[in-house]
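Chemist: Fold the following.
(chains A and B)
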2 protein chains.
Amino acid sequence: MGEAYAQESYSKFNRHKERGTYDAETIHNIINTTSVLHVSFTDPASPFPVVLPMIGQVGQYAEDTEPHLYLHGYVSSRIMKVTSSSSNNDNSEDEPQGLPMTVAATKVDGFVLALSPFSHSYNYRSALVFGHATLLPSSDDPETLWAMELITDSVVPERWQHTRVPPTPSELTSTRIIKLRIASATAKVRVGPASSERRDLKDPDVAGKIWQGVVPVWEHFGEPVTTIEAKAAGGGVAVVPEHVRRFVEAENANAEEYAVGAATATEKQGKEEEGEEED
Amino acid sequence: MGEAYAQESYSKFNRHKERGTYDAETIHNIINTTSVLHVSFTDPASPFPVVLPMIGQVGQYAEDTEPHLYLHGYVSSRIMKVTSSSSNNDNSEDEPQGLPMTVAATKVDGFVLALSPFSHSYNYRSALVFGHATLLPSSDDPETLWAMELITDSVVPERWQHTRVPPTPSELTSTRIIKLRIASATAKVRVGPASSERRDLKDPDVAGKIWQGVVPVWEHFGEPVTTIEAKAAGGGVAVVPEHVRRFVEAENANAEEYAVGAATATEKQGKEEEGEEED
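Modeler: Numbering: from 1, shown residues only, chains lettered A, B, ... in the order given. Below is the predicted model:
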């Protein structure tokens, strides 16, 4: 990409600007490697924002001139009803069409333990995507099918081709894809060791007695568990396939390498202020 | 506890009711064991919902008659400004005071791979808390200090007592605690093996050729990395303390046990419909 999203009033950084970025590739990577996205929108019928955990993926379809965020949902759920009614609300040419949504992805990479609790932090990668959501057609639409394959393979690479496809008509009816046109997006990344206040570091009763360091943390995948159903024709498949084994090994190696590396990595730019709290 | 939150129009389950619960203990456990919560609220100045990753914990303070959700924030950030102005908006006795917020916590426990991509799912634990947020005082307030210790020890047990406390006046000024009065809350839990459509299970070309199973996944903590700063008095502490070691060992053992167990566990009640998609 090499491209960046525009800074808007709602997407500007108020704190730790040096950790923030509008870089599209960084943002897409965080979204695309996070197992669960938190999708937030307002529903006039609810006094509280609606938040739904969903699976999603940024991708660029065919002749589209920019990448969109595709979200996987179920046709009867609230998100679909609100998106659907919002999509029809096209009486103004200036108003962007679709339901305004904020999609969040956060990966925790380490617990950063400092001398004072107030200097504690996380190493993390966090992305926010702001945009307008519309529903793709449920029928045998090429973009819908493309997005379904994109999202399936984002969970386990090559999974789509190793399953029973194409989808049946009833599968296509019950599952819908939301396409989010991205208005702005941001990411924030913290890496590195604990950073305590100078006052505490100079005090032998503090720095000489309290441990500071980082506990790296990552999503670890265990040994795949074959779950054959008794009624399966031919007794089912007992051997874990290569594409699943490759996925587990690659994920675990990459995730550990990133989290352990982040514990001692250096932040790109200077810190805003020593010993300051994270947001 | 043994108590349950009230079902409200905004907190009722539309799908997979058998996976949903209003049980307070289940909901609190999910919130309290999730490293990052996603906090959503509306800001009149923004066209999109505000979503912030925050650290939080449910707890019951002193003479309070019910548990609240405490969130850790920074005084100058947007959440504080909106909460603060909303707290003052007490001109109606009937209107609940505070800023309406939805707080989400989601833990992924396994990737559930079925015969068709549309029968794929996650094993997960997901909680939503709806409530009204107010700011606790920044001064030397007993509840503020209690909540700071609660939240610090929720990250690593016993951490508070092993750090430089009590907080300095400037630490207390820069860090604020949000107290959320819970209006309603829900949780959804999926455990168990893949569940494919009967049609696919009966077909030898499908069930006899495609692997179905669960890849368990959990947050794994690595070897703690000591990060001594050169300027630390006395050279700093090089030995990882016992409370950190205990935390890493206990977390890893519990998390693995839960995720692997979930792969073959049986859901409490019958499924809504076979081979149906998750939401």
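Chemist: In chain A, what helix or strand scores lowest on average pLDDT?
Modeler: Lowest on mean pLDDT, DSSP states H and E among the helices and strands of chain A sits helix A:78-87, with a mean of 65.
Chemist: and the next element down the chain from it?
Modeler: strand A:99-113 (DSSP states H and E).
Chemist: Strand partners (parallel or antiparallel) of that following strand?
Modeler: When pairing is defined by DSSP bridges, strand A:99-113 lines up against strand A:37-41 (antiparallel), strand A:121-135 (antiparallel), strand A:213-221 (antiparallel).
Chemist: Next, see if stretch A:197-204 gets close to chain B.
Modeler: Yes - Stretch A:197-204 lies within reach of chain B by CB under 8 Å from any CB of the partner chain, at A:R198, A:R199, A:D200, A:L201, A:K202, A:D203, A:P204. For every residue, glycine as well, the C-beta is placed using N, CA and C.
Chemist: Pull out the buried residues from that stretch.
Modeler: A:E197, A:R199, A:D200, A:L201, A:D203 (16 or more other CB atoms under 10 Å in any protein chain shown).
Chemist: roughly how far apart are the second one and B:T226?
Modeler: If you measure A:R199 against B:T226 using CB to CB, to the nearest Å, the figure is 21 Å.
Chemist: gap between the two ends of stretch A:10-30?
Modeler: The first residue of stretch A:10-30 is 20 Å away from its last residue (CA to CA, to the nearest Å).
Chemist: Any buried residues in it, and which?
Modeler: For stretch A:10-30, by 16+ other CB under 10 Å, it's A:10-11, A:15-16, A:19-24, A:26-30.
Chemist: near chain B too, which of these?
Modeler: Checking the buried residues of stretch A:10-30 against chain B (CB under 8 Å from any CB), the matches are A:Y10, A:R15.
Chemist: which residue does the stretch 51-200 of chain A bring closest to chain B?
Modeler: A:P193 (3.1 Å; CB to the nearest CB).
Chemist: Would you agree that residue is in contact with A:G213?
Modeler: Yes - applying CB atoms under 8 Å as the test, A:P193 and A:G213 come out as touching, 7.2 Å apart.
Chemist: which intervals of the stretch 151-279 of chain A have sub-threshold pLDDT?
Modeler: A:269-279 (pLDDT under 70).
Chemist: Tell me which stretches of it form strands.
Modeler: For the stretch 151-279 of chain A, the strands defined by DSSP state E, counting those that start in this stretch occupy A:175-190, A:213-221, A:225-226.
Chemist: Count the neighbours of the spatially closest residue to A:I30 that is not a sequence neighbour for me.
Modeler: Distances taken as CB to CB, 6 or more residues apart in numbering or on different chains place A:A127 nearest to A:I30, at 3.9 Å, with adjacent residues excluded. Neighbours of A:A127 under the rule other CB atoms under 10 Å in any protein chain shown: 26.
Chemist: before we move on, what about A:D205?
Modeler: So A:D205, with other CB under 10 Å, has 11 neighbours.
Chemist: ok, it - contacts?
Modeler: For A:D205, the contact set (CB atoms under 8 Å, 6 or more residues apart in numbering or on different chains) is empty.
Chemist: hey, what's in contact with both of A:P193 and A:G213?
Modeler: A:A263, B:V225, B:T227.
Chemist: just the buried members of those residues?
Modeler: Using 16+ other CB under 10 Å, the buried members of the shared contacts of A:P193 and A:G213 are A:A263, B:V225, B:T227.
Chemist: Show me which of the strands of the stretch 151-279 of chain A has the highest average neighbour count.
Modeler: Using mean count of other CB atoms under 10 Å in any protein chain shown, the stretch among the strands of the stretch 151-279 of chain A with the largest mean neighbour count is strand A:213-221, at a mean of 24.
Chemist: Break chain A down into its structural domains.
Modeler: As given by the TED database, the domain ranges for chain A are A:17-109+A:116-190, A:198-264.
Chemist: Tell me which of those domains lies nearest to B:F221.
Modeler: Checking the domains of chain A against B:F221 by CB to CB gives domain A:198-264 as the closest, at 5.0 Å.
Chemist: quick one: terminal-to-terminal distance for the closest one?
Modeler: End-to-end distance for domain A:198-264, by CA to CA: 19 Å.
Chemist: same question, stretch A:153-173
Modeler: 21 Å.
Chemist: ok, now which ones touch A:G56?
Modeler: A:I31, A:L37, A:V39, A:L69, A:Y70, A:L71, A:H72, A:V103, A:I151.
Chemist: so which one among those has the lowest pLDDT?
Modeler: The member of the contacts of A:G56 with the lowest pLDDT is A:H72, at 91.
Chemist: So which elements touch the helix or strand it falls within?
Modeler: According to DSSP H and E, A:H72 maps onto strand A:68-74. On a contact count with 3 or more CB pairs under 8 Å, 6 or more residues apart in numbering or on different chains; DSSP states H and E, strand A:68-74 meets strand A:50-59, helix A:78-87, strand A:121-135, helix A:142-155, strand A:175-190.
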